[in-house]
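Student: using only what follows, build the 3D model:
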Amino acid sequence: MAKNLSEQNQSTPSGGELYAKRIPIYPRSVKGKFRTFKSSMLALAFLVFYLLPWVPWDRGAGLPGQAVVFDLTAKTFYIFSLPVDIQNIFWLAGILAIFAFSLFFVTALFGRVFCGYFCFQTLWTDAFIMIEGWVQGNRNVRKRLHEGPWTGEKVTKIGLTWLLWLVVAFWTGFTFTSYWMPAPELIKVVFIGEAPFAAYGTIAFITAATFISAGFSREQVCTYMCPYARFQGVMFDRDTLVVTYDEARGEREKGRAKPTKGLRDRDERIKEGYGDCIDCDLCVQVCPAGIDIREGINYKCITCGLCIDACHNMMTSLKFPTGLIRYDSENGLEGKKTNYFSPRNIGYGIVIIIVASILGWSVMHRDVAHYIVESSRKPATILSDGRLQNTYEVKFNNLTLDPQQLHVEVENEGYELAMQFNDIVLKPGERVALNAGVRKAKDIAYSPDVTFILTVTDPATGDVIDIQKMKAIFLNK
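Tutor: Just a heads-up that it's a prediction; the model follows:
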């Protein structure tokens, strides 16, 4: 008997080969609740990704008018009304920690559902397979087309498929780049050769990566390139929900059998010792990874649930009980209770809550400005009237989306501030570095440091927004 697709994909290369040749996979379309959920996630992800750069967001004059944009020139990320300055880069560590522990938490509970429904590779591969189906036809038609000789029909259909893939891949690259350069500006210059080289390079790279990964590499990205498929096993336990095949019910004493005469009724199959699986291979045909879930848990499985839909539809048509292939745990298959509240899962949940709370508190209580006062390289000088002068550089960064007025003064009694530019108004997100001199009268006792008082006010109302005291070294000579 010839090997089925799953067996071919799981075969190892011969001694003279360095790698196993990829066996093309032509997934069959299927209807069901998991396919519906998968399509819904695809539509939601694409709507958010492709449309978000075009959502206008008024931040005032001189600031990006795009809802989400990462302005590298200004060293600021704008996420709706939240400006994230380089000083708040530690927020990124919190976000990454939340994503990592959420991934561990979900994997421990539900297996690789992230891979099956939310991963970028899965989403774009799914979209490319849909395009392939719209142009070339169903699974059997696509298979015959690709295995047949090169005819005018084959060239036309495959050429049109690749063209549509390239359009989607290019727009993916353009959209990704528009998160770093406002989309309305980028689209004006990218097609006339006036965009920055970095923009063209980014678009070209993302276009090529999307076209190759989603169009040709597909499941091999998950199998050979993504490390998550390899280390996921250490996060599974007997209570983790995975896509499973109920072997005891599907095989029984004599194994699988086609629904031939005398084996169409379930009671007859049970009497004869045959399992409920009719060996239709639909679970293999719909699998985007080309595996046979009936052979046991496979590291290539992305837990998308399409085989569950295929089996459910077949069991329903035969009037057999559903659930032959289902989400279940190892304990569940053995008739035991699945424990979702293991110490590990509780620990993951606690860590997520703690990190999210700290991050939320930090965002809610973020600084309105960033201040630095540092001594200049110019040495202390004695003025003509005998006063001692030290020079400083006052750096101020407005971290809000509103204008701010900065007033600088010195707290030390008998010390005088000499500053040409004071009470200046800074635009939203503006940075400024000001020179300041501090002079000590001859009859004032020397102090090794001087305290600056920086007061930030609303230039429109005069309300005090923030007051900071900062010390700096005062040299005697």
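Student: thought Asn412 was touching Pro448?
Tutor: No: using C-beta atoms under 8 Å, Asn412 is not in contact with Pro448; the gap is 11.0 Å. Just so you know, the C-beta spots here come from the backbone N, C-alpha and C atoms, and that holds for glycine as well.
Student: so for these two, which sits in the more crowded spot?
Tutor: Asn412 (17 against 9; other C-beta atoms under 10 Å).
Student: secondary structure class for the nearest residue to the more buried one once chain neighbours are set aside?
Tutor: Nearest residue to Asn412 in three dimensions, chain neighbours excluded: Val450, at 5.3 Å (C-beta to C-beta, 6 or more residues apart in numbering). Under the three-state scheme (DSSP: H, G, I helix; E, B strand; the rest coil), Val450 adopts strand.
Student: can you list the domains in this protein?
Tutor: Following automatic domain parsing, the chain resolves into domains at 31-88+119-235, 242-333, 369-473.
Student: starting at the chain centroid, how far to the second one?
Tutor: To tie it back to what came earlier, the one meant is domain 242-333. Relative to its parent chain, domain 242-333 has a centroid offset of 34 Å by C-alpha atoms, centre = their mean, to the nearest Å.
Student: quick one: end-to-end length of it, please.
Tutor: Using C-alpha to C-alpha, to the nearest Å, one end of domain 242-333 lies 11 Å from the other.
Student: could I get the domains of the chain as TSV with mean pLDDT and distance to Gly349?
Tutor: Formatted as TSV, those follow (pLDDT from 0 to 100; distance: least, C-beta to C-beta, whole Å):
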stretch	mean pLDDT	distance to Gly349
domain 31-88+119-235	91	14
domain 242-333	91	18
domain 369-473	89	33
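Student: select, out of those domains, the one closest to Val363.
Tutor: The closest of those to Val363 is domain 31-88+119-235. By C-beta to C-beta, the value is 7.1 Å.
Student: how far off centre is that closest one?
Tutor: Offset of domain 31-88+119-235 from its chain centre (C-alpha atoms, centre = their mean): 12 Å.
Student: what about Gly148, distance to Leu164?
Tutor: 21 Å (C-beta to C-beta, to the nearest Å).
Student: tell me which of those two has more neighbours.
Tutor: Neighbours were counted for Gly148 and for Leu164 using other C-beta under 10 Å; Leu164 has more, 15 against 10.
Student: so that one touches Ile131, yeah?
Tutor: Yes: between Leu164 and Ile131 a contact is recorded at 5.0 Å, counting by C-beta under 8 Å.
Student: quick one on the thing from earlier: who is the residue nearest to Asn412 paired with across the strands?
Tutor: Ala472 (DSSP bridges).
Student: that one touches Glu409, doesn't it?
Tutor: No: assessed by C-beta under 8 Å, Val450 is found out of contact with Glu409, at 11.1 Å.
Student: neighbour count winner among these two?
Tutor: It is Val450, of Val450 and Glu409, that has more neighbours when counted by other C-beta under 10 Å, with 21 against 12.
Student: got the contact list for the more buried one?
Tutor: Val450 makes contacts with 390, 410-412, 415, 438, 471-474, as judged by C-beta atoms under 8 Å, 6 or more residues apart in numbering.
Student: cool, Tyr245 as well?
Tutor: So Tyr245 contacts 277, 283, 293-294, 296, 324-325 (C-beta under 8 Å, 6+ apart).
Student: same question, Arg142
Tutor: Residues near Arg142 by C-beta under 8 Å, 6+ apart: 26, 132-133, 136.
Student: and Pro56, how many neighbours?
Tutor: Neighbours around Pro56, by other C-beta under 10 Å: 8.
Student: in the stretch 251-400 of the chain, which spans are strands?
Tutor: With DSSP state E, counting those that start in this stretch, the ranges of strands along the stretch 251-400 of the chain come out as 325-328, 369-375, 381-382, 388-398.
Student: since we're on the closest residue to His407 other than its chain neighbours, how many residues are nearby?
Tutor: Excluding its sequence neighbours, the residue lying closest to His407 (C-beta to C-beta, 6+ apart) is Thr455, at 4.5 Å. Thr455: 15 surrounding residues under other C-beta under 10 Å.
Student: same check, this time on Leu42
Tutor: Leu42, neighbours per other C-beta under 10 Å, totals 18.
Student: hmm, back to that, of all the strands of the stretch 251-400 of the chain, which lies closest to Pro196?
Tutor: Once the strands of the stretch 251-400 of the chain are compared by C-beta to C-beta, strand 388-398 is nearest, at 25.2 Å.
Student: pretty sure Gly290 is touching Ile25, no?
Tutor: Yes: using C-beta under 8 Å, Gly290 is in contact with Ile25, at 4.2 Å.
Student: residues touching stretch 363-377, excluding its own?
Tutor: For stretch 363-377, with C-beta under 8 Å, 6+ apart as the criterion, the contacting residues are 82, 85, 87-88, 91, 390-400, 404, 406, 435, 452, 454, 456, 465-466, 468, 470, 472-473, 475.
Student: next: stretch 148-161.
Tutor: Outside stretch 148-161, the residues that touch it by C-beta under 8 Å, 6+ apart are 131-132, 135-136, 145-146.
Student: and for stretch 225-244?
Tutor: With C-beta under 8 Å, 6+ apart as the test, stretch 225-244 has contacts from 104, 107-112, 115, 121, 217, 222-223, 293, 297, 299-301, 303, 305, 307-308, 325-333, 338-340, 342, 344.
Student: what are the buried residues along it?
Tutor: 229, 232, 235-236, 239-244 (16 or more other C-beta atoms under 10 Å).
Student: before we move on, what about stretch 76-83?
Tutor: 76-78, 83.
Student: out of the residues you listed, flag the one nearest to Phe37.
Tutor: When these are compared for distance to Phe37 (C-beta to C-beta), Phe77 wins out at 31.3 Å.
Student: show me what that closest one is bridged to.
Tutor: With DSSP bridges as the criterion, Phe77 is bridged to Phe70, Val84.
Student: tell me how far it lies from Pro53.
Tutor: Taking C-beta to C-beta, one finds Phe77 at 14 Å from Pro53.
Student: which neighbours do the two share?
Tutor: With C-beta under 8 Å, 6+ apart as the test, Phe77 and Pro53 both reach Val69.
Student: check contacts around Cys301.
Tutor: Per C-beta under 8 Å, 6+ apart, neighbours of Cys301: 112, 242-243, 289, 291, 293.
Student: now it: how far from Ala45?
Tutor: Distance of Cys301 to Ala45, computed by C-beta to C-beta: 21 Å.
Student: repeat for His146
Tutor: From His146 across to Ala45, the span is 28 Å (C-beta to C-beta).
Student: right, I'll leave it there.
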